[in-house]
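# turn this into a model:
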Amino acid sequence: SQNQFEVPSICIIGFDITSPKIPETPPFKKRKMEGVTFSSQSDPSSDSDEIRWRDLELLLRRTSPLVHPAFEPSERNGKFIREACRILVIGAGGLGCELLKDLALVGFGNIDVIDLDIIDVTNLNRQFLFRRSDVGKSKAVVAAEFIMKRVNGVTVTAHMANIMDFDASFYRQFHIIVAGLDSIDARRWLNAFLVNLVQH
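Numbers count the residues shown, from 1 in each chain. The predicted structure follows:
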């Protein structure tokens, strides 16, 4: 139903979860360059998922002195993160690679990533989602492909575009926006744009 997922108040304090070994996924679907969507073909109801998310569920179903005051412990939180929450990662460089990997392993099932750049050989020493054979390709597309290969149950949509190419309606789709930008000017633009979005 339309109200199946009411957005709960969630604040996740930084934590590190070691993911169990994940089996290889079948080849993903053919992609389009604009708004590329990759979707793994794992079965979210499998028994292994219960083990996979056990530690995360412990964090989401109980309170702690460290959580945000608005956090509401619930068994619905895990399902919301995996199935309904939409998160946008801006940038697929050094910071973006880490963010994409961590968010996918923690359980966020619907991730978008924006990056205008292509992969250069100088990126390979620190941007671990890329390989020499990827040089000259879109960072956003290759990062999405790599995450999909390694983590079951996540859908990654890649946008090879400038962050200024999108209007307010695009950014309003997301519950969480995370910036992995190295440009001061881009950070300032994004901060001002999102603050204005919230205020109006």
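# quick one, strands of this structure?
With DSSP state E as the criterion, the chain has strands at 36-39, 86-90, 110-114, 155-159, 176-179.
# what mean pLDDT does the second one have?
Per-residue pLDDT values across strand 86-90 average out to 97.
# let me have the strands of the chain in TSV, extended by mean neighbour count.
The C-beta positions use only the backbone N, C-alpha and C, and glycine is treated the same way. Compiled in TSV, the strands of the chain are given as follows (neighbours: other CB atoms under 10 Å):
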stretch	mean neighbour count
strand 36-39	18
strand 86-90	21
strand 110-114	24
strand 155-159	24
strand 176-179	17
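# got the CA coordinates for stretch 65-72 in CSV?
The C-alpha coordinates for stretch 65-72 follow below in CSV (Å, rounded to 0.1, in the frame of the first residue of the first chain):
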residue,chain,number,x,y,z
PRO,A,65,22.8,7.0,25.2
LEU,A,66,24.6,7.8,21.9
VAL,A,67,21.7,7.9,19.5
HIS,A,68,19.9,11.0,18.2
PRO,A,69,16.9,12.0,20.4
ALA,A,70,14.6,11.5,17.4
PHE,A,71,15.7,7.9,16.9
GLU,A,72,12.9,5.4,17.4
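# buried set for it?
Within stretch 65-72, the residues that qualify as buried are 67, 71, counting by 16 or more other CB atoms under 10 Å.
# what do you get for stretch 179-188?
Of all the residues in stretch 179-188, those buried under the rule 16+ other CB under 10 Å are 179-181, 186.
# okay, it in PDB with CA atoms only?
Only the C-alpha atoms of stretch 179-188 are listed here, as PDB (Å, rounded to 0.1, in the frame of the first residue of the first chain):
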ATOM      1  CA  ALA A 179      28.600  14.700  -0.300                       C
ATOM      2  CA  GLY A 180      32.000  13.200  -1.300                       C
ATOM      3  CA  LEU A 181      33.200  16.300  -3.100                       C
ATOM      4  CA  ASP A 182      36.800  17.600  -3.100                       C
ATOM      5  CA  SER A 183      35.900  21.000  -4.700                       C
ATOM      6  CA  ILE A 184      35.300  23.800  -2.200                       C
ATOM      7  CA  ASP A 185      33.100  25.700  -4.700                       C
ATOM      8  CA  ALA A 186      31.000  22.600  -5.400                       C
ATOM      9  CA  ARG A 187      30.500  22.000  -1.600                       C
ATOM     10  CA  ARG A 188      29.500  25.600  -1.000                       C
END
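# contacts for it?
The list of residues contacting stretch 179-188 from outside it, by CB atoms under 8 Å, 6 or more residues apart in numbering, reads 89-96, 98-99, 163, 190.
# re the thing from before, looking at the buried residues of stretch 179-188, which one is closest to residue 103?
Closest to residue 103 out of these is residue 180 (10.7 Å), distances taken as CB to CB.
# coming back round to it: which one, of the strands of the chain, ends up nearest to residue 141?
strand 155-159 (4.6 Å).
# related to what we said a few turns ago, now the two most distant members of the buried residues of stretch 179-188.
Between all members of those, the farthest pair (by CB to CB) comes out as 180 and 186, at 10.5 Å.
# any idea what sits nearest residue 117, other than its immediate chain neighbours?
residue 139 (5.1 Å; CB to CB, 6 or more residues apart in numbering).
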